[in-house]
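[1] Return atomic coordinates for the entry below.
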Amino acid sequence: MSLQDFFNQKTVLITGHTGFKGAWLTAWLKQLGAQIVGVALDPPTHPSHFAAAKLADGITDHLVDIRNQNQLQELILSTQPDFVFHLAAQALVRHSYSSPVETWQINVLGTLYLLEALRKLDKACAAVIITSDKCYDNVEWVWGYRENDALGGPDPYSASKGAAELVIRSHIKSYFSGDTKPVRIASARAGNVIGGGDWAADRIMPDCVKAWSIGEKVKLRNPHSTRPWQHVLEPLSGYLNLAIALTQHPGLHGEAFNFGPGAQQNHSVLELVKEMSQHWPQVRWQDVSTTSFGPYESGLLKLNCDKALHELRWHAVMGFQETVKMTADWYRVFYEKQSPICEITKAQIHDYTLLAKQRELQWAQ
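    Residues are numbered from 1 along each chain as shown. So this is what the prediction gives:
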């Protein structure tokens, strides 16, 4: 069965739908025919994909702070969702240093309040709670982290995501155990996602396009840091796959899954920028690593995604060059005003779906 067979006319609640990942997930589920209920604050950046693609059209859009427990609970219980995707978060490492209380409140208490609302939901519902690859206690070893590795992190953001995973695990064992519970929950861990429509501060791709669009050099704070770069549609396909699997396989309830590319796709920031130069005119950069003394950021991070392959038959389908090209193409359409943003977004979702089918990703067959 296709994704549309599962999500068409289903009520899907998305927290954080105005953010980077949330906007892409909203666009994809709209194409699948889902009845979307969005729960978020206003778009966190200007410009934003959510606004540029007019994604509020045709959905139910609620301006709710997930730190407001009563409002969130009332909304979930009145919506009676078939699926929940929890993406609302304070998602920036560097911002977490200046705003640790806000980071912990949103990432931990927000997750707890969502779980409490789901605890009162008396209908079948599959909930995928997205945390981050930075939830692991990263000691920068060369092999990928597995889902049962130690959680935690040296910065407020990473630590808050590890704590959110502990909240999820605790609540599932305490309140959602047993076959009679209608709500099934899993957590998803992915990170270092690139793609069109991201304008967040202190992320490499937004830094690049914002600088290059006005003819400036991009400043590289950590040019030799390596990450498992993946296009935003890759982990989203994993989240959709996981949500479907939760409805079919009770044994996946309470499990955590990594979603990322193969280990060979770890590339440095400098390699990413150089690859972008193949698709963007007048690319220039400046290495400021010796003069930039910001807060600590890890230099190496890898995920092991064997569990998703074995349990869900999910794997990434795009190579590094394809990922960068698709990202550059979206931003060039935006800055050169080649066509409406909603059209390039739809086209890239369509192209990704065809590629997934060609490369035998299960949900695309």
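
[2] Which of the three states applies to W314?
    Following DSSP: H, G, I helix; E, B strand; the rest coil, we place W314 in the coil state.

[3] And for it, the neighbour number?
    Neighbours of W314 under the rule other CB atoms under 10 Å: 26. C-beta here means a position set from N, CA and C on the backbone, and glycine is covered the same way.

[4] Next, work out how far apart the residue lying closest to it once chain neighbours are set aside and F257 are.
    The shortest distance from W314 to any non-neighbouring residue, by CB to CB, 6 or more residues apart in numbering, is to A308 (4.5 Å). Separation of A308 from F257 (CB to CB, to the nearest Å) stands at 5 Å.

[5] if I pick the residue nearest to W314, what's in contact with it?
    Taking CB atoms under 8 Å, 6 or more residues apart in numbering as the contact definition, A308 lies against G238, L242, F257, N258, F259, W314, H315.

[6] Counting by contacts, list what the worst-scoring helix or strand of the chain on mean pLDDT packs against.
    Lowest on mean pLDDT, DSSP states H and E among the helices and strands of the chain sits strand 226-228, with a mean of 83. Packing partners of strand 226-228 (3 or more CB pairs under 8 Å, 6 or more residues apart in numbering; DSSP states H and E): strand 266-268.

[7] I'd like the mean pLDDT over the helix or strand that the strand it packs on is followed by, please.
    Using DSSP states H and E, the helix or strand that directly follows strand 266-268 along the chain is helix 269-276. Mean pLDDT, helix 269-276: 94.

[8] what's the next secondary structure element after helix 269-276?
    Next in sequence after helix 269-276, counting helices and strands by DSSP H and E, comes strand 285-287.

[9] Sort out which residues of that next one are buried, please.
    By neighbour count on 16 or more other CB atoms under 10 Å, the buried set for strand 285-287 is W285.

[10] Could you do stretch 70-83 as well?
    Residues of stretch 70-83 classed as buried under the neighbour-count rule (16+ other CB under 10 Å) are Q71, L72, Q73, L75, I76, T79, P81, D82, F83.

[11] mind listing what the last one touches?
    In other words, F83. When contacts are counted by CB under 8 Å, 6+ apart, F83 touches F7, K10, T11, V12, L13, A34, C125, A126, A127, V128, A243.

[12] Same check on the fourth one?
    L75 makes contact with L13, V37, V39, H62, V64, A117 under the criterion CB under 8 Å, 6+ apart.

[13] and the second one, what element?
    Here V37 sits within strand 35-40, counting by DSSP H and E.

[14] same thing with the first one?
    Per DSSP H and E, L13 falls inside strand 11-15.

[15] Same question for the fourth one.
    In this structure, H62 is located in strand 60-63 according to DSSP H and E.

[16] from the chain's centre, how far out does that strand sit?
    Taking CA atoms, centre = their mean, to the nearest Å, one finds the center of strand 60-63 at 20 Å from the center of the full chain.

[17] what's the next secondary structure element after that strand?
    Following strand 60-63 in sequence order, the next helix or strand is helix 69-79 (DSSP H and E).

[18] Show me what counts as buried in the longest helix along the chain.
    Ranked by residue count under DSSP state H, the longest helix found in the chain is helix 156-175. Buried residues in helix 156-175, defined by neighbour count with 16+ other CB under 10 Å: 156-165, 167-168, 171-172.
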